[in-house]
Every structure is written in structure tokens, then in C-alpha cells.
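Peer 1: Can you look at this prediction? I've put the sequence above it.
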Amino acid sequence: MRILSAPLTAKDAPKLVVPTLFISSSDYDLMLIYAQTASPQEVNGYGLIDQGARDQFILCPGGLFITDQVVTQVSAKPTAVGNAYAGNRADEAGMTLGLQWHSHGRGGAYHSPTDMNTAHNYGRVGTIDWMIWVVINDRGDVVARLEQYAPIRIGVPMTVIVVPDNHQQLLEQVTDDIARHVRVETPPIPSKALAATPAFVSPDKKENTK
């Protein structure tokens, strides 16, 4: 398992739940090969998403693809046919078209002002509640953001984790093992009497205080 990116938070910032995007090794490799092959031009693609827990999103294995598009070294714009194909593929699979990704070629992996504007405007014309926006470069650096459009508008950076292709199988096995063998024990709450007990002071330290 590899953590490709994780948001930096201030030391004294409130503890917030950071959403996580899980990508299989095969799909990460495929996205990287797309970026490397297209470089120095950009390339755009989509991903089918399965939402696990409220803050966990899984790129469905084999759910990464590209469609018809027009690209330059600084942009990648899907055509109307490409957008329609992406929607139809998600409908046929009965899954959520919840991820759009593009490469930055030889540049850095970050969400540019243009990327942020595209993500923001997407919510105005679409009928979706959220979308994950991913940027990758030809060196394999990856960043992701979760943009929520309803019921309120908010966007947050995500942690991106690459997991083994058999991650789901391993997860089920480990979950079962933990349920059968691991017992959670709640530590006792210290009593007020114990908390009031003075700390032990060694005889040597008592002599030094005279």
C-alpha cells in the first residue's frame, strides 16, 4: 500500500475527517501510462466510483477510462461525444461516474486555477452531488480533491492511497480475523482520589531539595 498524497494540516487546526481515495495498483499504473504516453500533452479521463464509508471512495477496479477529447500541453477538453460516452458507460455498469482525472504532462501535480474553475462550474451545470478531481503528472505524482455540490458547496483535498489489486479480498479476510481474535478493552477512568495522590519522590531528590 502506498500513500501518494495527503493534505497538510496545521498543528493546532481542528481535527477534521479527511476523505480518502483508494486506487488499485493496476488502475494507478494505467493512469500513469496514459500520462506518460500523452506527455508533454495533457490527457483527460474518468473513473467509476464506489463509496464505502462516508469519507472513503474506491475507484472500481477496471473503472478507469478515457474518451474522445481535444488536448494541448496545457489543456484537455472532452468532446460532447466523449462526455456522453462516459455517462453511458457508467449507466451500463450501474455505477457512479464520480471521478474525472487529467494529466499535467511534465509539470507538477496540482490543481491549477483553471482546474479549480472547471470543477466549480461543473456543479452548476451537472445534476450530481459530488465529484472527485484528480491530477497526475508523467512522474506519477498524484493529488485529488473532493468537490461537493449539494446539499452545500464545499471542496476539500483528499488522501490518495494505492492498494493491491486484491485489496477487497484482503480487507474482508482481515476484517473477519479482527472480529474473531481482537477484543477492544476500554481503559478505566482514573478516580479523583487517585488523581489527588502526590507523585512519588525518591529519597535522593528529597536530600537535594534541602
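Peer 2: Cool, got the structure. Numbering: from 1, shown residues only.
Peer 1: hey, where'd the helices end up in the chain?
Peer 2: 25-38, 80-93, 113-125, 167-181, 192-196, 203-208 (DSSP state H).
Peer 1: buried stuff in the third one?
Peer 2: Residues of helix 113-125 classed as buried: D115, T118, A119, G123 (neighbour count, 16 or more other Cβ atoms under 10 Å). Where you see a C-beta, it was placed from the backbone N, CA and C, and this is true even at glycine.
Peer 1: List of residues touching the strand ranked longest in the chain?
Peer 2: Ranked by residue count, the top strand of the chain under DSSP state E comes out as strand 56-66. Under the contact criterion Cβ atoms under 8 Å, 6 or more residues apart in numbering, strand 56-66 has outside partners 19-24, 26-27, 30-31, 34, 43-52, 86, 89, 93, 95, 98-99, 101, 132, 146, 158, 165.
Peer 1: go on, stretch 163-179?
Peer 2: Stretch 163-179 is contacted from outside by M1, F22, I23, S24, S25, S26, P61, using Cβ under 8 Å, 6+ apart.
Peer 1: what does the model give the fourth one for pLDDT?
Peer 2: The one in question is S24. On the pLDDT scale, S24 is placed at 94.
Peer 1: What is the burial count for it?
Peer 2: The local packing of S24 (other Cβ atoms under 10 Å) involves 22 other residues.
Peer 1: and it, what is it in contact with?
Peer 2: S24 neighbours (Cβ under 8 Å, 6+ apart): L59, P61, V162, V163, P164, D165, H167.
Peer 1: repeat for the third one
Peer 2: The neighbourhood of I23, defined by Cβ under 8 Å, 6+ apart, consists of M31, L59, V160, I161, V162, V163.
Peer 1: Tabulate these in a markdown table, adding columns for neighbour count.
Peer 2: What follows is these, written out as a markdown table (neighbours: other Cβ atoms under 10 Å):
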| residue | neighbour count |
| --- | --- |
| M31 | 24 |
| L59 | 26 |
| V160 | 22 |
| I161 | 18 |
| V162 | 21 |
| V163 | 20 |
